[in-house]
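1. Quick check, what structure comes out for this input:
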Amino acid sequence: MPNSDLLPSLLFKLNENQLALDAAIMEPSNWVEQRGSAEVADNVRGALEALDKNEEFIKMTLAVMMAPE
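-> As a prediction, the model looks like this:
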């Protein structure tokens, strides 16, 4: 398999990792918020916005790479 064929799979796995990290980090953030630290939870959610933005780019890139020529 040529290296170029591995790129879409790599991007897909990286995107899955981002989603898993987002979910894992959100859990303690919600727990902290429920215990009165809304500011900390907001800071965490703000940092997670980068994952959301990057996820959209990865999805678009995968769509382009997987499109038939």
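
2. host element of Asn15?
-> helix 3-34 (DSSP states H and E).

3. Report all helices and strands that that helix contacts.
-> If you count contacts as 3 or more C-beta pairs under 8 Å, 6 or more residues apart in numbering; DSSP states H and E, helix 3-34 packs onto helix 38-66. (Each C-beta comes from the backbone N, C-alpha and C, glycine too.)

4. quick revisit: how far off centre is the helix holding Asn15?
-> 4 Å (C-alpha atoms, centre = their mean, to the nearest Å).

5. residues of that helix that come out buried?
-> Across helix 3-34, burial judged by 16 or more other C-beta atoms under 10 Å covers 11, 15, 18, 29, 32-33.

6. residue contacts, Gly36?
-> Contacts for Gly36 (C-beta atoms under 8 Å, 6 or more residues apart in numbering) come out as none.

7. Give the phi and psi angles for it, as a check.
-> According to degrees, to the nearest 10, the main-chain angles of Gly36 amount to phi 100, psi 10.

8. Report how many residues lie close to Glu55.
-> 15 (other C-beta atoms under 10 Å).

9. Quick check: the gap between the nearest residue to it once chain neighbours are set aside and Gln34.
-> Excluding the flanking residues, the one nearest Glu55 by C-beta to C-beta, 6 or more residues apart in numbering is Gln18, at 5.7 Å. According to C-beta to C-beta, to the nearest Å, Gln18 and Gln34 sit 25 Å apart.
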